[in-house]
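Novice: Sequence unavailable; structure follows:
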């Protein structure tokens, strides 16, 4: 076959779009298979990527556990009686709490918190026994020192659990077990407040933050490194002169890292559940769908980095400084957003992890659904789309 | 090696910039700069269809930049290019389907096996190994015994052959090879050039670069490059014949003494070690070479050099290159015309 | 070693003036040097010697074992069997002492290209424990020889490749090593610079430094006083270029190389 004949058959084939699609999928599959081999062959890196989430869960998990013991509590009780004394005894009897004082008003609390004498206060309304007896609504406030959000949220939920249990028993004692049926316990409203850190948005369990952290490392950093590696090897030149479009090359390259990322989410959730009994209160399919969206976000971040970085070293440092630190510092993972200085607070709005954290905390801790989280989801979606657009725009079909 | 009967790239038979029917590559006054570094200066050349065309020059001559422009990877700062009748800037997608390219460092995945590398590049170029086998079969035969070995564990020669297979698997119309023989031992280099010769005989157009001057003879035509400029474009034979001065191979004991003695001669244009002999160029083109040889022999003997032997010889491409590199930017044709 | 003169004697500067009699001290003495990697024998009991002031060529196809052999000689790799004395020191027992007495230049790595000429020299001088005065004195001599005195404040990456290689060579000589190992020193360099480089090698050897060099340019092998060609981990042939060609009945080292490394294709 002469060169010109070959050319003719080629141009005919080019017009057959169905064949083109078939070829696109074949190329994509080839890219994915090859990239998967890279991942599987580098045993050391793979082991680190799979073990890291487990180690992180254990580290953060145990760090939290040891902190919530011997918490000093003050109780504010304007009208003390036998029922409220039962609560004081119950709180004082728990392994995690010690009641230091019972005050008639909440006035001293400010000074007590500021002096560091107490880390938590339980504020009761007046006439508690009468309200219980008459089945009137009872509003109890739990104020917690939230300067350590992880410990704070744990303290708050323990105290809330004690108050609820005490209420249930008091109702039974006053009005018999039948009173609890038909929503009797709903008559108590426990309002938990964070001091220094007043919104429950930052009531923080470590798992959502960990998912964001791990995905930043696996999806974003590994993607950026894998793409720049090809530039260093010289293989990117070969791929660029092939008929493949740069977007195809990139999609083929990121798929294995997306899969790894999703596996890591499973590891974090599973380990948190098995070892620390962290529940998922909301819908698991919704949680997974949101995680999948965030995987795409982090892949897009990795692509954006790789389009700028020439070497693996640059890509690695850019991912560490440009992604990992904001994910830890500016997402509400460690420092509550509200405690950030205003400029950083503004920056945190473009950190995807900030929105992802709100979403995952909502689903996992509060059982929220899309009706509550649609705004955050929309922001995350918008950020992802913007990142993908930037990444694809910057993908060059050439070397310079 | 063939004496090319077709007009050379500098002939005036076709207007500059327009592709003749048989031209696979036409480059017209290409220049390219990276910041203030001029990688290419005013390069014009034509590669005929079916030709094995060599670009010869040391590192930094601009060979890689030139090849990246041809393969559409770099947009030139100035000038125009036509490759397979297509503009590498505008029609890069159509061009890339028909190109085979082997970049300077063998673009292989060291953690993948030989077979996995080839399979991968076949899919990337939208074909299969089976379809490509017609072209790559003679090379693949040598690689097949190692098909399960990781590419990183191959010898340089084997890596080079695998990279060639990967560049050929989609049956391109033009093969562009950037320094395929650099860092590869002499035996593998010889074998590789034999492969290229066979591919050319099968009708493939090949553009190849090398820093090894002795490989020029393997090409149909060569362009000599230095510091971003093309010094000359010719068949190897015509290039050697263009050497304008009498040239001699000189033997004797010992080399350092001979170098000193010959360089001191008022008629010496250049004296260079060349393997086991010295190549001596004399400035007197009007004197009969036999007489010159005798005179040089006597000069050396009087300086105490023993076993002196002086023979008039024909120049090779390396002689031509060294002469041009010393008197930069003057093509031999221009000099003869002057 | 002393071959009788023949019609085409090797054009070596040393054999002619005969400073390298058999009595010259050995700079390298390798005996049965062997290195295995698992089942694979990379270097198989090679025995050779290099006399002081010789330019010794180390040839072979890729993968023939040259690099492994060289790494053993410079104390980077321990031999599985055999011994080698380099610059009077046993490489197996005192690799550190060997490294102080040798210089090494490879094509791949030699200089930091984001440092200036002067900074590179100072760095390598410091690495070899030279005093500041000594570094200044040596760099003056070495830079003057290659004509780089004016450019000592230039970044190495701004120098043309040929100069960079000559500078790398000079830096390898900074601490006045007894033996200099050059691993493909002229790769990619233009033909004139390549020849200028070899003249440097000659001057260095004439001053008494022993030079062991690998190359892919077989015309350069002709410039060596003696050479070995390795095939599959063993030394297939050794001697002066003339002796090697005569022993194999060929007229060029190119043919000798092909004859040994590709027997089937040799005619």
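Specialist: Now that the structure is in, tell me what you want to look at. No experiment lies behind these values; they were computed from the predicted model shown.

Novice: mind listing the strands for chain B?
Specialist: Remark: strands assigned in chain B by DSSP state E are B:23-34, B:37-48, B:52-56, B:78-83, B:99-102, B:174-177, B:205-210, B:221-226, B:229-234, B:247-253, B:268-274, B:277-282, B:306-312.

Novice: Same list (the ones you listed) but as CSV, adding mean neighbour count.
Specialist: Every C-beta, even on glycine, is put in place using the N, C-alpha and C of the backbone. Converted to CSV, the strands of chain B look like this (neighbours: other Cβ atoms under 10 Å in any protein chain shown):
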stretch, mean neighbour count
strand B:23-34, 20
strand B:37-48, 20
strand B:52-56, 26
strand B:78-83, 19
strand B:99-102, 25
strand B:174-177, 24
strand B:205-210, 25
strand B:221-226, 25
strand B:229-234, 23
strand B:247-253, 22
strand B:268-274, 19
strand B:277-282, 23
strand B:306-312, 16
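
Novice: What sits closest to residue A:38 if chain neighbours are left out?
Specialist: Excluding the flanking residues, the one nearest residue A:38 by Cβ to Cβ, 6 or more residues apart in numbering or on different chains is residue B:111, at 6.0 Å.

Novice: The one you found touches residue A:41, doesn't it?
Specialist: Yes - contact criterion Cβ atoms under 8 Å: residue B:111 and residue A:41 qualify, at 4.6 Å.

Novice: quick one: the helix or strand hosting residue A:224 to chain centroid distance?
Specialist: Counting by DSSP states H and E, the secondary-structure element that holds residue A:224 is helix A:222-233. Its chain's C-alpha centre and that of helix A:222-233 lie 27 Å apart, by Cα atoms, centre = their mean, to the nearest Å.

Novice: what about whichever helix or strand comes after it, average pLDDT?
Specialist: Counting by DSSP H and E, the next helix or strand C-terminal to helix A:222-233 is helix A:235-240. Mean pLDDT, helix A:235-240: 85.

Novice: ok, helix A:235-240 near chain B or not?
Specialist: Yes - looking at helix A:235-240 against chain B by Cβ under 8 Å from any Cβ of the partner chain, the contacts come from A:235, A:237-240.

Novice: Contacts made by that helix with the rest, please.
Specialist: Residues from elsewhere that reach helix A:235-240, judged by Cβ atoms under 8 Å, 6 or more residues apart in numbering or on different chains: A:227, A:230, A:246, A:249, A:397-399, B:68, B:73, B:101, B:103, B:107-109, B:121, B:124, B:166-167.

Novice: Would you mind identifying the next helix or strand past it?
Specialist: Counting by DSSP H and E, what follows helix A:235-240 is helix A:246-276.

Novice: angle of that following helix against helix A:222-233?
Specialist: 140 degrees (axes from the mean of the first three to the mean of the last three Cα atoms, to 10 degrees).

Novice: Who are the packing partners of helix A:246-276?
Specialist: Judged by 3 or more Cβ pairs under 8 Å, 6 or more residues apart in numbering or on different chains; DSSP states H and E, the packing partners of helix A:246-276 are helix A:17-41, helix A:43-67, helix A:206-215, helix A:222-233, helix A:235-240, helix A:284-308, helix A:370-394.

Novice: Now distance to residue B:128 and mean neighbour count too, for those helices, in TSV please.
Specialist: TSV is the format used below for those (distance: least, Cβ to Cβ, whole Å; neighbours: other Cβ atoms under 10 Å in any protein chain shown):
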stretch	distance to residue B:128	mean neighbour count
helix A:17-41	9	15
helix A:43-67	29	15
helix A:206-215	36	26
helix A:222-233	23	22
helix A:235-240	18	22
helix A:284-308	29	22
helix A:370-394	29	15
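
Novice: Out of those, which gets the lowest mean score?
Specialist: helix A:43-67 (a mean of 78).

Novice: chain center to that one: distance?
Specialist: 15 Å.

Novice: quick one: the residue of the stretch 1-150 of chain C found nearest chain A and residue C:120, what's the gap?
Specialist: As assessed by Cβ to the nearest Cβ, chain A sits closest to residue C:114 within the stretch 1-150 of chain C, at 13.8 Å. As defined by Cβ to Cβ, to the nearest Å, residue C:114 lies at a distance of 10 Å from residue C:120.
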